[in-house]
Structures are given as C-alpha cells and as structure tokens.
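> Next comes the sequence, and after it the predicted model I'd like to discuss.
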Amino acid sequence: MGGHGSGILHAEIDENGCLTQVALAATTPSPSFVAQHPSLPVLYAVGEKEETLRAFRIGADGGLTPLGGPAAAGAAACHVAIDPDGRFAVVACWGSGEVLVYALDAATGAITGRTDAAPARAPYAGVPESDMVAPRPDYAPRMSRAHYAQFLPDGRVLTIDLGFDLARVWRFASASATLVLDHEVVFPYGVGPRHVAAAADGRLYVSCEYAVAVFVLTPGADGRYAIAGSSPLRAAPREAGEYAAHLSLSDDESLLYATVRGSNIVAVLAVVEGGAPQPLGEVPSGADWPRHHYARGDRLYVANQLSDEVTVFALGADGVPGEILQRVPAGSPTAVVPTSR
C-alpha cells in the first residue's frame with residue numbers, strides 16, 4: 001500500500017536469535033499479513049491493495065511458489081487466520097468490513113472456494129463523534145472495518161471490527177465454510193479494537209488502536225465472552241497521534257507486549273491473575289511506525305513499517321526489551337510471522 005517492499009521476505013533465526021539469510025521469497029503485491037497452514041508447507045498472504053488471498057508452497061530454502069491463482073477478497077484485506085485443522089482460512093477486510101471464509105483443499109492446502117459472512121451492524125446509533133472514548137484519525141470515519149480473526153479452542157472463530165467497536169464470535173455450520181453468528185461483544189464507543197492475543201486459559205487480550213489500551217475478554221459458562229477489565233498500554237497519558245498496533249503474550253504468558261505507532265514504543269504489561277494487565281515499562285521501538293512484532297524466547301522482532309527495517313531486541317530477565325541486537329533492512333515491513341518447512 002504505497003510502501004517500498006517487493007513482496008514476502010524469508011529469514012532464518014540463528015543460535016543468537018538474529019535474522020540471517022534474509023532473501024526475497026516471493027514477489028507479490030502488498031502482502032500485509034501472512035499465515036501458515038498448520039500441517040502443510042503452505043503460506044497464505046492477503047494482498048491489501050489488490051484485494052486478494054494467495055497461497056504459496058514453501059520450499060526447502062524458504063522460497064515461495066504460487067499454489068493456484070489469487071482468490072478475490074474485499075477492499076484492504078489486512079489479516080488472515082488459518083483453522084487449526086487446516087480446513088478454512090478467514091480473512092478480515094479493513095476497507096470494506098467484510099469477513100470472508102475460504103475452503104482449503106485437505107491434501108494440498110489450495111484455496112477451493114469462498115463464503116461471505118454476514119456484514120456487521122453498528123451497535124451504536126445516533127451517537128455523536130464527540131462522545132467517543134478516543135478520537136479517530138481523519139482517515140477512519142465510523143464504518144465497519146474488519147481487522148482480525150482468531151480461531152478459538154472450541155472451534156469457533158472471533159473476528160474484530162475496529163470501525164464498529166465490536167467483536168463477533170461465530171460457529172461453523174456443520175462442516176461447511178459458512179459462519180453463523182453466535183454472539184457479539186460491544187466495546188466502549190470509539191476505542192477501536194484491533195488485534196488479539198489469546199491465552200491458554202481462554203482469556204483474550206484485545207489491543208484497542210484509538211484508546212491505546214488493552215481489554216480483557218473472558219468466556220462464561222455458556223461460552224459467551226464478556227469484557228472483564230481494561231488497562232492503558234502505557235502508564236503515561238495517551239499522546240496525540242499515537243495508535244496501538246499488535247499485541248502478543250510472552251512464552252510463559254506472564255507479560256504482554258504491545259507496539260504503539262506514532263510514539264514508536266514497545267509497551268510491556270504484567271499479566272495479573274484474574275485481573276487486567278498492568279503497565280510495567282516501555283522502550284523506543286528503535287525506528288518508525290512499529291506495526292507488528294513477534295516475541296520468541298528472549299528475543300523480540302519489531303516490524304517498523306515507515307523506516308524500512310526490523311529491529312531485533314534482547315529481552316532482559318524481567319522481560320523488558322533492552323539492547324537492539326540487530327537492524328535488518330526490509331521494505332515497509334508490516335508483519336513478522338514464524339513459519340516451518
């Protein structure tokens with residue numbers, strides 16, 4: 001989307017946690033998010049500008065070979081999640097608000113069909129923009145903007161609508177690719193839910209772009225999720241022009257990492273048992289517009305979209321990012337995602 005990249009890069013992680021053998025794996029338009037099939041060497045990429053979903057075979061050297069042609073998606077397709085059983089891919093489209101389900105071939109992982117989920121309905125009607133919890137940027141009028149999908153342990157899938165401050169939980173109709181709405185969770189007006197980090201105990205942590213906060217969703221005995229608490233991502237007051245991006249859990253789930261664009265920081269929050277996370281510390285992301293990150297062991301990999309580099313941090317004993325070990329040139333990086341071959 002107007003960046004400097006050529007497609008999808010591949011890299012190895014060496015014994016020191018640094019990125020090596022960085023190479024172009026596939027030339028493809030605006031692959032703003034990727035996800036791997038759970039059991040096959042197949043990678044899926046949304047094309048945000050070209051409005052597609054593409055599948056690629058992952059080669060022994062990390063190179064990517066197209067697996068069939070591009071499948072049509074919606075405007076600004078920005079996220080893809082793959083069913084743990086490898087049956088479906090769910091794509092969220094920021095521009096059009098669409099949630100799309102793609103059937104995947106069991107043997108090859110190829111895309112074989114598409115089903116559209118029901119459109120979201122605004123949970124707030126007639127509320128003035130001035131009553132929003134957090135101000136929206138000029139480019140984000142209030143409209144449906146699907147932004148993320150998360151498969152849940154029980155086979156359901158949760159999708160996030162950033163524009164409508166809404167999470168929708170779906171179940172699949174029998175074994176088909178049709179999503180049936182189970183229930184919705186409505187966030188405070190204007191917070192802008194964006195990305196999800198799922199804990200092993202069923203809790204879901206949701207970063208909210210406009211409020212620069214995290215909300216905690218917990219499932220009840222009936223399986224319905226509800227907001228159980230929230231916290232700012234930073235101890236300092238929210239700054240004008242900053243927007244929360246990605247959220248992830250440490251390996252032991254004791255910490256949350258959040259990247260914040262504009263102020264260009266990595267925020268660290270302590271996970272409190274039975275309560276909302278608490279800000280623990282923050283450090284500069286090392287560059288401009290940290291859109292996404294990946295936490296692995298004692299390393300944190302941050303995709304700084306507007307400065308064309310991935311910064312690799314060493315995590316201290318307390319889990320807070322410390323020294324920048326490496327700066328890896330990458331054209332407009334928007335996601336750092338682990339894969340296997």
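Done, it's in.
> Show me which positions of stretch 258-276 end up buried.
258-269, 271, 276 (16 or more other C-beta atoms under 10 Å). For glycine as for every other residue, the C-beta is placed from the backbone atoms N, C-alpha and C.
> Return the set of residues that bridge with residue 196.
Under DSSP bridges, the beta-bridge partners of residue 196 are residue 206.
> got a list of what it touches?
148, 150, 158, 160, 204-207, 247 (C-beta atoms under 8 Å, 6 or more residues apart in numbering).
> thinking again about what came up before, and the buried residues of stretch 258-276, which is closest to residue 41?
Each of these was checked against residue 41 using C-beta to C-beta; the closest is residue 259, at 28.6 Å.
> Which helix or strand contains that closest one?
Using DSSP states H and E, residue 259 falls within strand 255-261.
> before we move on, the earlier item: redo the buried residues of stretch 258-276 as CSV? Include distance to residue 334.
Shown next, in CSV, are those (distance: C-beta to C-beta, whole Å):
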residue, distance to residue 334
258, 16
259, 12
260, 16
261, 11
262, 16
263, 19
264, 15
265, 18
266, 16
267, 19
268, 22
269, 23
271, 26
276, 28
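> counting contacts, what elements does the strand holding residue 259 pack onto?
Under the contact criterion of 3 or more C-beta pairs under 8 Å, 6 or more residues apart in numbering; DSSP states H and E, strand 255-261 touches strand 243-249, strand 265-270, strand 290-296.
> quick check: angle from it to strand 265-270?
160 degrees (axes from the mean of the first three to the mean of the last three C-alpha atoms, to 10 degrees).
> quick one: strand 255-261 to strand 290-296, angle?
Going by the same axes, to 10 degrees, strand 255-261 makes 160 degrees with strand 290-296.
> Just the residues contacting strand 255-261, thanks.
Taking C-beta under 8 Å, 6+ apart as the rule, strand 255-261 contacts 197, 205, 207, 212, 214, 233-234, 242-250, 265-271, 277, 280, 285, 289-293, 295, 300, 302, 319.
> ok, of the residues you listed, which come out buried?
Looks like the contacts of strand 255-261 have 197, 205, 207, 212, 214, 233-234, 242-250, 265-269, 271, 277, 280, 285, 289-293, 295, 300, 302, 319 buried, using 16+ other C-beta under 10 Å.
> So which elements touch the helix or strand hosting residue 150?
Per DSSP H and E: residue 150 is located in strand 146-151. Contact here means 3+ C-beta pairs under 8 Å, 6+ apart; on that basis strand 146-151 packs against strand 77-82, strand 88-93, strand 157-161, strand 193-198.
> Dump these to a markdown table, plus mean pLDDT.
Formatted as a markdown table, those follow (pLDDT from 0 to 100):
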| stretch | mean pLDDT |
| --- | --- |
| strand 77-82 | 98 |
| strand 88-93 | 98 |
| strand 157-161 | 98 |
| strand 193-198 | 98 |
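> right, so of the ones you listed, which gets closest to residue 220?
Residue 220 lies closest, by C-beta to C-beta, to one member of the helices and strands packed on strand 146-151: strand 157-161, at 14.5 Å.
> Pairing partners for the closest one, with directions?
Strand 157-161 has these strand partners (DSSP bridges): strand 146-151 (antiparallel), strand 166-172 (antiparallel).
> Strand 88-93 and that one, what's the angle between them?
10 degrees.
> which stretches of the stretch 1-150 of the chain have low pLDDT?
Residues of the stretch 1-150 of the chain meeting the criterion pLDDT under 70: none.
> can you map out the strands along it?
All strands of the stretch 1-150 of the chain, identified by DSSP state E, counting those that start in this stretch, fall at 7-13, 19-27, 31-36, 42-47, 52-58, 64-66, 71-72, 77-82, 88-93, 99-104, 111-116, 146-151.
> Make a markdown table from the ones you listed and add mean neighbour count and distance to residue 218 to it.
Shown next, in a markdown table, are these (neighbours: other C-beta atoms under 10 Å; distance: least, C-beta to C-beta, whole Å):
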| stretch | mean neighbour count | distance to residue 218 |
| --- | --- | --- |
| strand 7-13 | 18 | 34 |
| strand 19-27 | 15 | 36 |
| strand 31-36 | 23 | 25 |
| strand 42-47 | 25 | 29 |
| strand 52-58 | 22 | 32 |
| strand 64-66 | 16 | 38 |
| strand 71-72 | 16 | 35 |
| strand 77-82 | 25 | 21 |
| strand 88-93 | 25 | 22 |
| strand 99-104 | 23 | 23 |
| strand 111-116 | 16 | 29 |
| strand 146-151 | 24 | 14 |
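> rewinding a little: adding distance to residue 37, write the strands paired with strand 157-161 out as a markdown table.
As requested, the strands paired with strand 157-161 are arranged in a markdown table below (distance: least, C-beta to C-beta, whole Å):
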| stretch | distance to residue 37 |
| --- | --- |
| strand 146-151 | 13 |
| strand 166-172 | 18 |
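> Among these, which comes closest to residue 121?
strand 166-172 (8.6 Å).
> Please save the CA atoms from that closest one in PDB.
Taking C-alpha atoms only, strand 166-172 is exported to PDB below (Å, rounded to 0.1, in the frame of the first residue of the first chain):
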ATOM      1  CA  LEU A 166     -17.200  -4.900  18.000                       C
ATOM      2  CA  ALA A 167     -16.100  -8.400  18.400                       C
ATOM      3  CA  ARG A 168     -18.200 -11.100  16.800                       C
ATOM      4  CA  VAL A 169     -18.000 -14.800  17.800                       C
ATOM      5  CA  TRP A 170     -19.000 -17.300  15.100                       C
ATOM      6  CA  ARG A 171     -19.500 -21.000  14.700                       C
ATOM      7  CA  PHE A 172     -19.300 -23.000  11.600                       C
END
